[in-house]
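Trainee: Quick one, structure for this:
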Amino acid sequence: MPTADLAIADITDADVPRVIALWQACGLTRPWNDPAADIALARRGAHSTVLIGRHEDAIVATAMVGHDGHRGWVYYVAVDPNSQGKGLGRTIMASVEAWLRRAGVPKLQLLVRRENAKASGFYQSLGYEESTSVMLAKWLDGRTPTA
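Mentor: Numbers count the residues shown, from 1 in each chain. Modelled structure (predicted):
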């Protein structure tokens, strides 16, 4: 599939089950995070969304993007396992960057699990660099898992 055939748009209500299925197929979901709730939260305001890349009727790529006015964040970057290696990840990330540029956001940050060398290599090939900052986290709802 040529990347030119990838149509990028914001997620719709009808897309949610297929997006969650894609995230599960890509190993992006965790038991302590409800992907439907994450989607609903991203769609709640003007500062975030879930972008989907569609080829014909199939959702083959996604990225959740948002910002605080200064820093943009991207999560749930996924490409259908049967469509990987065709430039779709680059296309969805270019769409994320364009979305943030239109919002006037100068910096994009993302998190990669330490054990995910493939994802880290992908982002480095796009010009992302490992930050010197250390991320700290605290669950405010009583959960204790780390992710």
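Trainee: Would you mind measuring from Thr91 to Gly27?
Mentor: To Gly27, Thr91 is 21 Å away according to Cβ to Cβ, to the nearest Å. C-beta here means a position set from N, CA and C on the backbone, and glycine is covered the same way.
Trainee: neighbour count winner among the two?
Mentor: Thr91 (19 against 10; other Cβ atoms under 10 Å).
Trainee: so where is the protein shaky, pLDDT-wise?
Mentor: Within the chain, the stretches with pLDDT under 70 are 1-4, 145-147.
Trainee: And the strands in it?
Mentor: 7-10, 48-55, 58-67, 71-79, 107-110 (DSSP state E).
Trainee: and the first one, what other elements does it pack with?
Mentor: Judged by 3 or more Cβ pairs under 8 Å, 6 or more residues apart in numbering; DSSP states H and E, strand 7-10 is in contact with strand 48-55, helix 88-102.
Trainee: Remind me what the shortest one packs against, helices and strands.
Mentor: For strand 48-55, the contact count by 3+ Cβ pairs under 8 Å, 6+ apart identifies strand 7-10, helix 35-42, strand 58-67, helix 88-102 as packing neighbours.
Trainee: roughly how far is that strand from the heart of the chain?
Mentor: 9 Å (Cα atoms, centre = their mean, to the nearest Å).
Trainee: what does the longest one give?
Mentor: Mean C-alpha position of helix 88-102 versus that of the full chain (Cα atoms, centre = their mean) differs by 10 Å.
Trainee: still on that earlier bit, just name the most buried of the strands of the chain.
Mentor: strand 58-67 (a mean of 23; mean count of other Cβ atoms under 10 Å).
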